[in-house]
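Chemist: model the structure of this input:
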Amino acid sequence: MNIKIKNILLIAAVLLSGFGFASVKAAECDPAALGAANAYQQGSAVKNMQSCLIAAGYGISAGATGYYGGQTVAAVKSFYASWYGAWDGLRFGSQGVVNLKNSLGGVSVVPGAADNFKTFATAADFQNYFKKAGQESNYYGRGSGGVAMTAGVSKSGAESMVSDTFVVPSASANVSIDRTSVTNVQVAGIDEPDIVKTDGKEIYYSGSSPIYWWGAGGGISATSNVARCYDCQSSATKIVKAMPVAGMAVDSTLEKSGDLLVSGNILAIFGDGGVTGYDVTNPKNAVQKWNIKPEGNTYIIGSRLRAGKIYMVAKTMVGAADVCPIKPLSIGGAGVTIACGSIYHPERVLPADATFSVFVINAATGLVESKTSFAGLGNSSVVYMSNENLYITYPVYQSEFNITAGMIKQSVRDLVTASLIDQITKLDGYDISSAAKIVELNTILENYKNGLSRDDRLKFENDMQNRLASYRKSHMRELDKTMVAKISLSDMKFAASGSVPGQPLNQFSLDEYNGNLRIATTIGGQWFMRSETANDVYVMDGGLNVIGSVRDLGKTEKIYSARFIEDKGYVVTFRQTDPFYVIDLANPRDPRLAGELKIPGYSGYLHPVTKDKIIGVGMENSNVKISYFNVSDPANPIEMDKYSLKEYWSEAVNNHHAFLMDSKHGIFFMPGGSGGYVFSYKNDRLSLIKAVSDINPKRAVYINDYLYMVGDSKISVLDENTWQKIKEFEF
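Modeler: Numbers count the residues shown, from 1 in each chain. Model prediction:
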């Protein structure tokens, strides 16, 4: 059966190994028609051979042209190196035909907007791919930031933050639980790990700072939004009896700490060395039921809980000697492996140094029910989960060689000789790493400059510097891209892949709605000075093809927050003022900028009160600022009210878990450095109705009409009907 693939359109020399949007009509590989060929031949047989090489993962930048030229020679050399050894690539022989047919047999190819993904056929295929991919990733620009995992399909209003009314067994037969808060998440029904949880009976509190990457060796990497934790092992997890308030007590202290998830009677702690599940049916005697440990160079980078299943994402760094199957985890000492045929990778070699693995874990037993994996660049990712799909992003940057060589061939032909252009074009066709190419390119340029007079050399160096800066700016959307991988939750298969220019800020930069993915990005944030950045919003269809976009929001600025609510998007950029943008996404193929509002400061977190009213938490003049926006008229968004706290920082600015809304009482809570704050948003006005100064609160939860402010060493309880403090419980 023919294997359909996509060839990459050769836009310019700078995109030879890049990540372009454009593609020409897909060529077809017919393995049955494969035959021997020699260099410099042309015709349909050569075109079919090229198509099959591309389908097997041996990229030809110009695509299947039907001419056996230098790029095809390089692809044939790489293919032979994977099973035969050294080969000049000038002939594709009968043994090559046999091995290429075998390589194509049974390979799964997944369609995507930017590149097809397929599974590895063998361990040698895995090792060969990462060898080439590692050569590229070693000389690619790296982004900053970390991992934020999200839950996906948006719901507006407080109903997405509050569980349904229910009655659960309480510590006292005389106390019924009518309602209880849940962690502030992006979608109802998908829980996110945090340091405080409650089930209405108990409050679970971990002393660790939130959201880590937990590695096999205990190494910890912070996300872009949360400060690094250096001494997490000194903390513990407290299980506190919460109701009745008068009978509050510490039921248990567990030595493990970290982010928490609660599913039924299971408390999962994501801590140093892995994930541990405790049976807390009897809170006074919590019993460890299972333990999941990352192996080798594996880090657990996020998780979500839905319907009793933990969806966990792990990143495994791949070394030169590593092969598949991979073993990212062990459960009770038994390794959990992922076979070569379940690990996907782009058919074209792109920078990669890691595998991302997704596991579905039964929270009650700790057993892995399904899993999948794919290759990517592991330095900076956003993980986002909707009710149907899980999305993982990672950056793909151009190499310095491609940027410089592309600039020379496109922008400085008037400054250099045709011979220099020919040398660079020839170098571009070599099957060597980008790092090696840049060394050779520097040698070529230095030799060229040595042939110039001192005056001409000085002029040339200045012209090169300015034209390179101009080239970067004019090609910024080609040089800075994000890869998006889509995993279907229904079968845990790789569903699609695509790319957009720029980098997302965090979990709220992505949102799935009516089958489309919306993503907000900043372009140039890693490559350029702030004066040259731009911000875009893209709409991608179910196959992750870009079908619409709004570009150049807040040029020279960066995105500080984003939120998507049904068919609207809200983006805040910042430099000196806070442009609050309203994006009309009703027609996903023709999104448009509906309106904007420029006010001082910025909002780092946007929280929907209703579809048309949004609270923003941010900073202005070095103080925490709360804004209340009315967006009922998208063309004319207004700031109905604002409040400035005498605080230099609040965790709620960058971590939505620190924000709690209680729609019944029309209030929200947020922590500060000097205490905890309760605001009313009734009558479209912000008013501070309670400030508690004698606690350093991390989070707040509510049970019935009691608000519990949870700090490092004590819990303060407020009656939400009177806002009087009725209990202060020290651990």
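
Chemist: got the residue ranges for the helices in the stretch 1-150 of the chain?
Modeler: If you assign secondary structure with DSSP state H, counting those that start in this stretch, the helices in the stretch 1-150 of the chain sit at 44-55, 70-81, 94-104, 123-137.

Chemist: which outside residues touch the last one?
Modeler: The contact list for helix 123-137 (CB atoms under 8 Å, 6 or more residues apart in numbering) reads 17, 57, 78, 81-83, 103, 120, 318, 320, 322-325, 340, 343, 345, 349-353, 375, 377, 399, 432-435. To be clear about C-beta, it is placed using only N, CA and C from the backbone, and glycine gets the same treatment.

Chemist: chain center to it: distance?
Modeler: Relative to the mean C-alpha coordinate of its chain, helix 123-137 is positioned 23 Å out (CA atoms, centre = their mean, to the nearest Å).

Chemist: also the second one?
Modeler: Distance, stretch centre to chain centre, for helix 70-81: 34 Å (CA atoms, centre = their mean).

Chemist: now swap in the shortest one and tell me
Modeler: Distance of helix 94-104 from the chain centroid (CA atoms, centre = their mean) equals 37 Å.

Chemist: mind giving me the packing neighbours of it?
Modeler: Helices and strands touching helix 94-104, as assessed by 3 or more CB pairs under 8 Å, 6 or more residues apart in numbering; DSSP states H and E, comprise helix 44-55, helix 70-81.

Chemist: same question for the second one.
Modeler: In terms of contacts (3+ CB pairs under 8 Å, 6+ apart), helix 70-81 is packed against helix 44-55, helix 94-104, helix 123-137.

Chemist: and if we set it to 10 Å?
Modeler: For helix 70-81, the packing partners by 3 or more CB pairs under 10 Å, 6 or more residues apart in numbering; DSSP states H and E come out as helix 44-55, strand 91-92, helix 94-104, helix 123-137, helix 418-428.

Chemist: report the next helix or strand after the longest helix that the chain contains in sequence order.
Modeler: For the chain, the helix reaching the highest residue count under DSSP state H is reported as helix 454-474. Reading on from helix 454-474 to the C-terminus, the next helix or strand found by DSSP states H and E is helix 476-479.

Chemist: S663: neighbour count?
Modeler: Neighbours of S663 under the rule other CB atoms under 10 Å: 15.

Chemist: quick one: it and V609 touch, right?
Modeler: Yes. Counting by CB atoms under 10 Å, S663 sits close enough to V609 to count as a contact (8.0 Å).

Chemist: circling back: which of the residues in the longest helix of the chain are buried?
Modeler: Residues of helix 454-474 classed as buried under the neighbour-count rule (16 or more other CB atoms under 10 Å) are F460, M464, R467, L468, Y471, R472, K473.

Chemist: measure G274 to A133 for me?
Modeler: Applying CB to CB, to the nearest Å, the value for G274 to A133 is 28 Å.

Chemist: sorry, back to before: now, the contacts of helix 123-137 that are in strands?
Modeler: Of the positions in the contacts of helix 123-137, I343, H345, A375 sit in strands, assigned by DSSP state E.

Chemist: domains in the chain, by residue range?
Modeler: Taking automatic domain parsing as the criterion, the chain consists of the domains 3-107, 147-395, 400-476, 491-730.

Chemist: sketch out the low-pLDDT regions of the stretch 451-600 of the chain for me.
Modeler: Residues of the stretch 451-600 of the chain that meet the criterion pLDDT under 70 lie in 525-531, 576-578.

Chemist: run through the strands of it in chain order.
Modeler: Using DSSP state E, counting those that start in this stretch, the strands found in the stretch 451-600 of the chain span residues 480-488, 494-501, 510-513, 516-523, 534-540, 546-550, 558-565, 568-574, 577-584, 592-600.

Chemist: now these in CSV, with distance to L305?
Modeler: Output for these, formatted as CSV (distance: least, CB to CB, whole Å):
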stretch, distance to L305
strand 480-488, 17
strand 494-501, 22
strand 510-513, 18
strand 516-523, 22
strand 534-540, 26
strand 546-550, 32
strand 558-565, 22
strand 568-574, 27
strand 577-584, 30
strand 592-600, 35
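
Chemist: for the ones you listed, which one sits closest to I715?
Modeler: Distances from I715 to each of the strands of the stretch 451-600 of the chain were compared using CB to CB; the minimum, 29.9 Å, belongs to strand 558-565.

Chemist: what helices or strands is the closest one leaning on?
Modeler: Contacting strand 558-565 under the criterion 3+ CB pairs under 10 Å, 6+ apart are the following elements: strand 510-513, strand 516-523, strand 534-540, strand 568-574, strand 577-584, strand 602-610, strand 613-620.

Chemist: from the chain's centroid, how far away is it?
Modeler: When C-alpha coordinates are averaged (CA atoms, centre = their mean), strand 558-565 and its chain have centres 15 Å apart.

Chemist: partner strands of it, with direction?
Modeler: strand 568-574 (antiparallel) (DSSP bridges).

Chemist: how far does the strand it pairs with sit from the chain's center?
Modeler: Averaged over its C-alpha atoms, strand 568-574 has a centre that lies 18 Å from its chain's centre (CA atoms, centre = their mean).

Chemist: output that strand as CSV, nothing but the C-alphas.
Modeler: Extracted in CSV, the C-alpha atoms of strand 568-574 (Å, rounded to 0.1, in the frame of the first residue of the first chain):
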residue,chain,number,x,y,z
LYS,A,568,-13.3,34.8,22.6
GLY,A,569,-9.6,35.1,23.4
TYR,A,570,-8.0,37.6,25.8
VAL,A,571,-4.3,38.4,25.6
VAL,A,572,-2.3,40.8,27.8
THR,A,573,1.1,42.1,26.5
PHE,A,574,3.3,44.4,28.5
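
Chemist: that strand versus strand 577-584: what angle between them?
Modeler: With axes from the mean of the first three to the mean of the last three CA atoms, to 10 degrees applied, the angle from strand 568-574 to strand 577-584 works out at 160 degrees.

Chemist: looks like T372 contacts A314 (just checking).
Modeler: No. Judged on CB under 10 Å, T372 makes no contact with A314 at a distance of 11.5 Å.

Chemist: these two: which is more packed in?
Modeler: The residue with more neighbours, out of T372 and A314 and counting by other CB under 10 Å, is A314; that gives 29 against 21.

Chemist: does the more buried one touch I301 like I think?
Modeler: Yes. With the criterion set as CB under 10 Å, A314 and I301 qualify as a contacting pair; they are 6.6 Å apart.

Chemist: quick one on the thing from earlier: would you turn the domains of the chain into a markdown table with distance to T482?
Modeler: Listed next are the domains of the chain as a markdown table, based on distance: least, CB to CB, whole Å:
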| stretch | distance to T482 |
| --- | --- |
| domain 3-107 | 9 |
| domain 147-395 | 5 |
| domain 400-476 | 13 |
| domain 491-730 | 6 |
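
Chemist: what's the least confident stretch among those?
Modeler: Taking the average pLDDT of each of the domains of the chain, the minimum falls on domain 3-107, with a mean of 69.

Chemist: select, out of the helices of the stretch 1-150 of the chain, the one closest to N514.
Modeler: helix 44-55 (32.8 Å).

Chemist: buried residues in the closest one, which are they?
Modeler: Judged by neighbour count (16+ other CB under 10 Å), helix 44-55 contains these buried residues: A45, V46, K47, N48, M49, Q50, S51, C52, L53, I54, A55.

Chemist: many thanks, I have nothing further to ask.
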